[in-house]
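[1] A structural model of the following input is requested.
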Amino acid sequence: MSPDATGELLVRTLNRHGGLPCTQACNGEQFKRGRIYAAPSDHHIMISGDKILITKGAPENRSRPAIDPLFRSAAVAHGNRVIGKPIPKDIAIEARIAERVLSDLPSVEALGEQAPFNCPGCGGVLWRVGKGKSLRYRCHTGHAYTAAVLWAEQTNKIDETLWVALRMFEERRNLLMTMAETQSGGALQSSLDRAKQSEIHIQRIRDMLMSSDNGSRDAP
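    Now for the predicted structure:
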């Protein structure tokens, strides 16, 4: 759902075709059995006790609203009524981070080890949480990623950087060629040589972008 959408169409559609009444969730509202609550666009919906919590915390896996904050908060709030095992410590910490209640570094460090790369959302430090198939990454401001989503985000950042570099090298080549029109002797040769070097870099960057467009951005 688009961040600027009202969500009214979704609510009307679910009420028309679903078997349960649907309303858009409101912060602090007490939730009831047998109802569907739609999250407001660009907000997370979570459970705090018997009430609904609407927050604009950091996106998780590039999504807001996201399913992870909702089910984490429900598990922490209602324990074995939601899941069939004790709540892991990292899940409880992540639920509190998503509620924007807790964001101090010592508490986030309890999630796991620092990762050797930064959060693509804010540039902050990432912590490695879980292992194996449940491996994920989180920063202290609340951004969270699975390994696959983090890889995709890094790929997007690389592509953005390559496009900027391509534009700058093309502008540099064009400027050098313009300067060469009024030059002669050694100055002319210097501009032509530098323009040729710029063209080499341009072609290399184009090849990298073409490789990305041909499918190499898929997660390994």
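[2] from what I can see Ala55 touches Asp42, true?
    Careful, residue 55 is Thr and not Ala. No - contact criterion C-beta atoms under 8 Å: Thr55 and Asp42 do not qualify, at 10.9 Å. Heads up, the C-betas are built off the backbone N, CA and C, glycines and all.
[3] Tell me which helix or strand in this structure has the weakest average pLDDT.
    helix 105-109 (a mean of 71; mean pLDDT, DSSP states H and E).
[4] by contact count, what packs against that helix?
    Counting contacts by 3 or more C-beta pairs under 8 Å, 6 or more residues apart in numbering; DSSP states H and E, helix 105-109 is packed against helix 89-98.
[5] elements contacting the helix it packs on?
    Of the remaining helices and strands, those touching helix 89-98 by 3+ C-beta pairs under 8 Å, 6+ apart are strand 44-48, helix 67-78, helix 105-109.
[6] and the angle from it to helix 67-78?
    Computed with axes from the mean of the first three to the mean of the last three C-alpha atoms, to 10 degrees, the direction of helix 89-98 lies at 110 degrees from that of helix 67-78.
[7] Give me the buried positions along helix 89-98.
    In terms of neighbour count (16 or more other C-beta atoms under 10 Å), helix 89-98 has its buried residues at Asp90, Ile91, Ile93, Glu94, Ala95, Arg96, Ile97, Ala98.
[8] Only C-alpha atoms, please: export it in PDB.
    Once non-C-alpha atoms are left out, helix 89-98 reads as follows in PDB (Å, rounded to 0.1, in the frame of the first residue of the first chain):
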ATOM      1  CA  LYS A  89      15.300 -12.800  24.800                       C
ATOM      2  CA  ASP A  90      16.200 -11.300  21.400                       C
ATOM      3  CA  ILE A  91      12.600 -11.300  20.300                       C
ATOM      4  CA  ALA A  92      11.600  -9.400  23.500                       C
ATOM      5  CA  ILE A  93      14.300  -6.800  22.900                       C
ATOM      6  CA  GLU A  94      13.400  -6.300  19.200                       C
ATOM      7  CA  ALA A  95       9.700  -5.900  20.200                       C
ATOM      8  CA  ARG A  96      10.600  -3.100  22.500                       C
ATOM      9  CA  ILE A  97      12.800  -1.400  19.900                       C
ATOM     10  CA  ALA A  98       9.900  -1.500  17.400                       C
END
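[9] pLDDT on that helix, on average?
    Averaging pLDDT along helix 89-98 yields 75.
[10] How about the contacts made by the most centrally placed residue in the chain?
    Using C-alpha atoms, centre = their mean, the residue of the chain that lies closest to the mean C-alpha position is Arg62, 3.2 Å off. When contacts are counted by C-beta atoms under 8 Å, 6 or more residues apart in numbering, Arg62 is found next to Tyr145, Val149, Glu153.
[11] how much space is there between it and Pro3?
    In this view, Arg62 and Pro3 are 12 Å apart by C-beta to C-beta, to the nearest Å.
[12] rewinding a little: can you say which of the helices and strands packed on helix 89-98 is packed in most?
    Each of these was given a mean neighbour count from mean count of other C-beta atoms under 10 Å, and the largest, a mean of 23, is that of strand 44-48.
[13] All set, thanks.
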